[in-house]
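**Student:** coords below, sequence missing:
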């Protein structure tokens, strides 16, 4: 899941929109023949006393790009690299350090290849809701979202000048491991022979000096190569290709020791350093990410599609003031407050799937809102302010910076997450074409505060890993614009009078953002509300 996601993903692929259009046309036919007399325009925040409101709606959001620090880029840009190395996979740094010391190159860095990552996210939500007008002012409501989440990631990998370490326990081969073992056995035996001859006085003069220098440099090289090919074989299972410049330099280092040993009449060590012959392929890279015995042990990039619950919402609305569309006068003013509790019923994005989107935040949240409608005759506007307080929850996450997306499985820990609170302000101006139909526009600004990650319990702590890394760039803000149409038929149920109805359709986009990673979304919403009387 993606870290720093500012919205509960709600989307659908392009095939959903023809169905949406057909549904909308059917809705218009229903409105034309089956509703009560017209009496008001904007949908109500509360429900009249003794009535129940049944709601069905759809929310659809799509994105494949994002905003970051005000610029736009691919949604999964962190997974792309022209030179994939320790900047994206920090566990490669020790192997790079050893190679640098062997070659005498400070700051040495190698690339395992080039990656290009894209992802199209389509998630659609079917919203089912009920609301009951308990009193003239107080309404209780509940909303059940069913979410269809689809993620289509694609990571194209092109190998560079490295391959799998032949001695790797997971990614190497049996012959490679045997060759590596033979190399180090012969290397050790040659150095032991040289040391015994030095101790036994076999050499003198310039030859003794060369023997001592060869022993010192040989022991250091052997230890460094052992660290490179054995100790790092699982965490960094890559070595330079034998024909690469780095590979040839390593062969040269080994060859220099072998030549010196031959000059000193120490035979038996003529093995070549076991290095890979072929660069990593796409299949190799996918195996590196997904092999359950490997260091990453994640899910290889592939499409996911599932239906699951979103965050169920329960709450109430209270009418503070209502002087709207009084007899003989369109417009006026009305004011209502809203409070609800979000339940942790959604499916979380999985830490082992770097491209999963989940169906919601899966945590408790308190939602507060104040809604004001202002208007005169054909013109008006709805102004809404909102605050979301999210409560601390348990999360299982791999601790890494957002710029280090290929997180190893040893980084996974139980964490407490205090997700940042939301503040939002929305303005929805409208123009009535008739007392029932209106054209609307919308401007919505949301600010999400920074998240805070800590270890869930002291026993969950991992040495050298700071959970705060996950919260880097988590403070974000975004602005969206939308437009659409609304229909409202208001009245009371009576024989032959039809059913009071509210309906709306809107389309919008996220047009700008600041801070960290914010999806550049396109969204469509459609809802239908029917009112039925239970008592008077």
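**Tutor:** Yep, that arrived. Because the structure is a prediction, the values reported are computed rather than measured.
**Student:** low pLDDT regions in the stretch 401-536 of the chain?
**Tutor:** Along the stretch 401-536 of the chain, segments meeting pLDDT under 70 span 490-498.
**Student:** what are the ranges of the strands in it?
**Tutor:** 412-418, 422-432, 437-448, 452-455, 476-489, 501-515, 517-519, 522-533 (DSSP state E, counting those that start in this stretch).
**Student:** Could I get the buried residue list for stretch 55-63?
**Tutor:** By neighbour count on 16 or more other Cβ atoms under 10 Å, the buried set for stretch 55-63 is 55, 57, 58, 59, 60, 61, 62, 63. Backbone N, C-alpha and C define where each C-beta goes, glycine included.
**Student:** what's the answer for stretch 281-299, then?
**Tutor:** 284-291, 294-299.
**Student:** do the same with stretch 426-433
**Tutor:** Quick answer for stretch 426-433 (16+ other Cβ under 10 Å): 426, 428, 429, 430, 432.
**Student:** Stretch 320-332 too?
**Tutor:** Buried, per 16+ other Cβ under 10 Å, within stretch 320-332: 322, 324, 325, 330, 331, 332.
**Student:** got the contact list for the fourth one?
**Tutor:** Residue 330 sits next to 41, 375, 376, 377, 378, 432, 435 when contact means Cβ atoms under 8 Å, 6 or more residues apart in numbering.
**Student:** at 7 Å instead, please
**Tutor:** By Cβ atoms under 7 Å, 6 or more residues apart in numbering, the contact set of residue 330 is 377, 435.
**Student:** Let me see the backbone angles for it.
**Tutor:** phi -80, psi 140 (degrees, to the nearest 10).
**Student:** could the buried residues of stretch 320-332 go into TSV alongside secondary structure, pLDDT and distance to residue 245?
**Tutor:** Below are these laid out as TSV (DSSP: H, G, I helix; E, B strand; the rest coil; pLDDT from 0 to 100; distance: Cβ to Cβ, whole Å):
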residue	secondary structure	pLDDT	distance to residue 245
322	strand	88	78
324	strand	81	76
325	coil	76	79
330	coil	77	79
331	strand	81	77
332	strand	88	78
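**Student:** can you give me the helices in the stretch 51-200 of the chain?
**Tutor:** Per DSSP state H, counting those that start in this stretch, the stretch 51-200 of the chain carries helices over the ranges 93-103, 174-199.
**Student:** quick one: contacts of the helix or strand that comes right after the longest one?
**Tutor:** Of the helices and strands lying after helix 174-199 in sequence (DSSP states H and E), the nearest is helix 205-226. When contacts are defined by Cβ under 7 Å, 6+ apart, helix 205-226 is touched by residues 98, 101-102, 184, 187-188, 191, 194-195, 198, 203, 253, 257, 260-261, 264, 273.
**Student:** can you pull the pLDDT of residue 14?
**Tutor:** The pLDDT attached to residue 14 in the predicted structure is 37.
**Student:** Now do the contacts for residue 314.
**Tutor:** Residue 314 neighbours (Cβ under 7 Å, 6+ apart): 142, 340, 341.
**Student:** Tell me what residue 340 is bridged to.
**Tutor:** In this entry, residue 340 is beta-bridged to residue 315, residue 367, by DSSP bridges.
**Student:** Tell me how many other residues crowd it.
**Tutor:** 19 (other Cβ atoms under 10 Å).
**Student:** Likewise for the one 5 residues further on?
**Tutor:** For residue 345, the count of nearby residues is 16 (other Cβ under 10 Å).
**Student:** what about it, which helix or strand?
**Tutor:** Using DSSP H and E, residue 345 falls within no helix or strand.
**Student:** Make sure it is actually in contact with residue 358.
**Tutor:** No: contact between residue 345 and residue 358 fails when scored by Cβ atoms under 7 Å: they sit 11.9 Å apart.
**Student:** which one is residue 515 nearest to, not counting chain neighbours?
**Tutor:** Closest residue in space to residue 515, ignoring its immediate chain neighbours: residue 476 at 3.7 Å, by Cβ to Cβ, 6 or more residues apart in numbering.
**Student:** For that neighbour, name its beta-bridge partners.
**Tutor:** The partner list for residue 476 in beta bridges (DSSP bridges) reads residue 448, residue 515.
**Student:** any idea how far residue 519 is from it?
**Tutor:** 10 Å (Cβ to Cβ, to the nearest Å).
**Student:** still on that earlier bit, any idea which of the strands of the stretch 401-536 of the chain is most buried?
**Tutor:** Between the strands of the stretch 401-536 of the chain, strand 517-519 has the highest mean count of neighbours, a mean of 25, where neighbours are mean count of other Cβ atoms under 10 Å.
**Student:** Let's have the buried residues of stretch 320-332 in CSV, adding distance to residue 165.
**Tutor:** Putting the buried residues of stretch 320-332 into CSV (distance: Cβ to Cβ, whole Å) gives the following:
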residue, distance to residue 165
322, 73
324, 72
325, 75
330, 76
331, 74
332, 75
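**Student:** so which two of those are the farthest from each other?
**Tutor:** Using Cβ to Cβ, the buried residues of stretch 320-332 span at most 14.5 Å, a distance reached by 322 and 330.
**Student:** Would you agree residue 291 is in contact with residue 170?
**Tutor:** Yes: judged on Cβ under 7 Å, residue 291 makes contact with residue 170 at a distance of 6.0 Å.
**Student:** just for the stretch 101-250 of the chain, where's the confidence low?
**Tutor:** Within the stretch 101-250 of the chain, the stretches with pLDDT under 70 are 231-234.
**Student:** Do a quick rundown of the strands in the stretch 51-200 of the chain.
**Tutor:** Taking DSSP E, counting those that start in this stretch as the criterion, the stretch 51-200 of the chain carries its strands at 51-63, 65-68, 71-74, 113-133, 138-159, 162-164.
**Student:** what lines up beside the second one in the sheet?
**Tutor:** Pointing back at strand 65-68 there. strand 71-74 (antiparallel), strand 517-519 (antiparallel).
**Student:** same deal with the fifth one?
**Tutor:** On the basis of DSSP bridges, the sheet neighbours of strand 138-159 come out as strand 113-133 (antiparallel), strand 304-309 (antiparallel), strand 313-324 (antiparallel).
**Student:** highest average neighbour count across those strands?
**Tutor:** The stretch of the strands paired with strand 138-159 with the highest mean neighbour count (mean count of other Cβ under 10 Å) is strand 113-133, at a mean of 20.
**Student:** gap between that one and the chain center?
**Tutor:** Put simply, strand 113-133 sits 12 Å off its chain's centre (Cα atoms, centre = their mean, to the nearest Å).
**Student:** now swap in stretch 139-147 and tell me
**Tutor:** For stretch 139-147, the distance to the chain centre is 26 Å (Cα atoms, centre = their mean).
**Student:** got it, and stretch 90-110?
**Tutor:** 30 Å.
**Student:** next one: stretch 205-221
**Tutor:** For stretch 205-221, the distance to the chain centre is 54 Å (Cα atoms, centre = their mean).
**Student:** Show me which positions of it end up buried.
**Tutor:** Across stretch 205-221, burial judged by 16+ other Cβ under 10 Å covers 211, 214, 215, 218, 219, 221.
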